[in-house]
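Chemist: whatever this is, show me its structure:
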Amino acid sequence: MNLKKVLFLSFILTICLFSGGCGLLGNLYNNIVSVAGLTGTGTVIAKKANIRTSYAVVASDLLEVKRGDQLDVLDQVDFEKAIWYRVRAHDEDQTEGWIEAQNIITGDVLEKSKKLAEEDKDAQPQANGLLRNKTNLRLTPEQRDDNVLVKLDNGSTFEIITWKYVPKAQDDTDDNDKDPKNAKTKSKDKDKDIEAAKTEDEPDKMDDKYDIWYKVRIDPSVSPAPSGWIFGRQVELQVPTDIVFYQQNNKKFVTWQRIDGVDTSIKDDPKAASKPSSWVILSRTNESKPFNGEEPDFDGVLLLGYDKYDQSHYRIYPLIGEVWGKLPMKMQGTGDSRTFTLRLRNKNTGAIEDKNFVVSFDKVRYKLKLPDDMANYETKEGK
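Modeler: Residues are numbered from 1 along each chain as shown. Prediction:
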């Protein structure tokens, strides 16, 4: 508690002492502390944690709390490089004690995450992701000590709403202990190796130039914080099993939508989501293709139909050539005719424009209707 709060409370308590009555004193103190903003709220983010009698190493457990439980935050201390909160639980006894900060998210931080989620409340997810390691969920796509929302567990799942390419100026990891001096030395050595390996007129590689950050939507069962940014090197994209075979080493899938309209999420109906289907798939090569300082989110479009009798996929024609596109992809319609919208750069004007593509089922197979001016958006013909 800072000096101003201490002085303020000392002044109030002095007045309360002359008011008489211990009960009145306690009630007045709690009410005034709350009104003055000297308490906050917190939500438990750990699967299980304990409120303890002290933040010291030797302390007793008072109460076990679980993910999603609400607590009142009364005070905080820094102890041996860790932050501890004094909290009050909402159980029958209103248990008060200490809990380590890594186990809860405070109300003000949670509100910031909710504001992020509000920005994309109607956005269709572009992909599903899985964490390879424990990783920080951040307020912004950058590694700073002051923008951490929560630490997510290894194996956490989420929906990817969008992503951002950030020029490499940081270490390759987000959460491992690292020596800043060693990181700078390794970064310089890596840059020299990249330049030495380049041949004349060879385009830059995305992996060498940028780190990718994903803006994600998270289910409450995984984290009370509903949205934030995750460092891309900790994320494994959950490409559906029936199409992962078609992914190429030099052209990675970045987003996909089912043409049949079945939700791609495995959360609500894992069995339906795992069934082979017909797809619109956007892919990205590892080649840097900047335009006005921006990189495309995707440069390839693949449409696959699924023949349930042959139990095999087929290419949907006509083919789409290489493009320069930005997210999001939007899918509309139901039944045998669906429309998907892509944001593509017009190679003649440089403008990013929404273009609609119609996929319809014709007796036994899907067919695709391209925009009439599609040639203005293809940088290379489809193969």
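Chemist: isn't R233 up against W213?
Modeler: No - contact criterion C-beta atoms under 8 Å: R233 and W213 do not qualify, at 9.8 Å. In this view, the C-beta of every residue, glycine as well, is placed from N, C-alpha and C.
Chemist: so for these two, which residue has more residues nearby?
Modeler: W213 (23 against 15; other C-beta atoms under 10 Å).
Chemist: ok, then the element right after the worst-scoring helix or strand of the chain on mean pLDDT?
Modeler: Ranked by mean pLDDT, DSSP states H and E, the weakest helix or strand in the chain is helix 22-35, scoring a mean of 47. Per DSSP states H and E, the first helix or strand lying C-terminal to helix 22-35 is strand 40-44.
Chemist: adjacent strands (with direction) for that following strand?
Modeler: For strand 40-44, the paired strands and their directions (DSSP bridges) read strand 70-79 (antiparallel), strand 104-106 (antiparallel).
Chemist: and these, which is most packed in?
Modeler: strand 104-106 (a mean of 22; mean count of other C-beta atoms under 10 Å).
Chemist: list the contacts for E294?
Modeler: Contact partners of E294, counting by C-beta atoms under 8 Å, 6 or more residues apart in numbering, are K326.
Chemist: any idea how far D120 is from it?
Modeler: 20 Å (C-beta to C-beta, to the nearest Å).
Chemist: how about the strands paired with strand 40-44 in TSV, adding mean pLDDT and distance to D208?
Modeler: Formatted as TSV, the strands paired with strand 40-44 follow (pLDDT from 0 to 100; distance: least, C-beta to C-beta, whole Å):
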stretch	mean pLDDT	distance to D208
strand 70-79	92	40
strand 104-106	90	35
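Chemist: for the ones you listed, which one sits closest to G129?
Modeler: For those, the distance to G129 is smallest for strand 104-106, at 20.4 Å, taking C-beta to C-beta.
Chemist: any idea of the angle the next helix or strand after the closest one forms with strand 70-79?
Modeler: Elements were assigned by DSSP H and E; along the chain past strand 104-106, the next helix or strand is helix 107-119. Helix 107-119 runs at 120 degrees relative to strand 70-79, counting by axes from the mean of the first three to the mean of the last three C-alpha atoms, to 10 degrees.
Chemist: quick revisit: will you turn the strands paired with strand 40-44 into a markdown table that also has distance to I161?
Modeler: A markdown table is the format used below for the strands paired with strand 40-44 (distance: least, C-beta to C-beta, whole Å):
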| stretch | distance to I161 |
| --- | --- |
| strand 70-79 | 27 |
| strand 104-106 | 20 |
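Chemist: now the residue most central in space within the chain. Nearest residue, chain neighbours left out?
Modeler: Among the residues of the chain, the one closest to the centroid is V216, at 2.5 Å (C-alpha atoms, centre = their mean). For V216, ignoring the flanking residues on the chain, the nearest one in space by C-beta to C-beta, 6 or more residues apart in numbering is F158 at 4.2 Å.
Chemist: same question, A49
Modeler: N103 is the one closest to A49 (C-beta to C-beta, 6+ apart), at 3.9 Å.
Chemist: OK, contacts around the one you found?
Modeler: V44, I45, A46, A49.
Chemist: where do the helices of the chain begin and end?
Modeler: According to DSSP state H, the chain carries its helices in the segments 3-17, 22-35, 107-119, 180-197, 206-209, 270-273.
Chemist: mean pLDDT lowest for which of these?
Modeler: Among the helices of the chain, helix 22-35 carries the lowest mean pLDDT, at a mean of 47.
Chemist: my guess is T341 contacts L327, does it?
Modeler: No - with contacts counted by C-beta under 8 Å, T341 stays clear of L327, the gap being 11.1 Å.
Chemist: per-domain residue ranges of the chain.
Modeler: 3-105, 112-376 (automatic domain parsing).
Chemist: distance between the ends of the longest one?
Modeler: Translated: domain 112-376. This stretch, domain 112-376, spans 41 Å end to end (C-alpha to C-alpha, to the nearest Å).
Chemist: and what of stretch 119-135?
Modeler: First-to-last residue span, stretch 119-135, C-alpha to C-alpha: 23 Å.
Chemist: i'd like the first residue to be 55 from this point on
Modeler: Noted, 55 is the first residue going forward, which turns the last one into stretch 173-189.
Chemist: touching that stretch from outside, list them.
Modeler: 205-216, 228-229, 268-271, 281, 284-285, 288-292, 308-311, 318-320, 381-385.
Chemist: repeat that for stretch 96-110.
Modeler: 113-127, 131, 133, 136, 138-139, 141, 143, 149-154, 156-161, 164, 204, 277-279.
Chemist: stretch 141-150 too?
Modeler: 96, 105, 116-117, 119, 123-128, 140, 151-153, 158.
Chemist: run the last query once more with 7 Å
Modeler: With contacts defined as C-beta atoms under 7 Å, 6 or more residues apart in numbering, stretch 141-150 is touched by 96, 105, 116-117, 119, 124-128, 140, 151, 153.
Chemist: for stretch 430-437, same thing?
Modeler: Outside stretch 430-437, the residues touching it (C-beta under 7 Å, 6+ apart) are L373, I374, G375, E376, V377, W378, L398, R399, N400, K401, N402, K409.
Chemist: can I get these in a markdown table including distance to N187?
Modeler: A markdown table is the format used below for the contacts of stretch 430-437 (distance: C-beta to C-beta, whole Å):
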| residue | distance to N187 |
| --- | --- |
| L373 | 39 |
| I374 | 36 |
| G375 | 38 |
| E376 | 34 |
| V377 | 34 |
| W378 | 33 |
| L398 | 35 |
| R399 | 35 |
| N400 | 41 |
| K401 | 40 |
| N402 | 45 |
| K409 | 39 |
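Chemist: and of these, the nearest to Q302?
Modeler: E376 (13.6 Å).
Chemist: just give the nearest non-adjacent residue to the closest one, would you?
Modeler: Per C-beta to C-beta, 6+ apart, closest to E376 is K434, 4.0 Å.
Chemist: same check, this time on S337
Modeler: Using C-beta to C-beta, 6+ apart, the nearest residue to S337 is G354, at 3.9 Å.
Chemist: how close does that neighbour get to P274?
Modeler: From G354 to P274 the distance is 35 Å (C-beta to C-beta).
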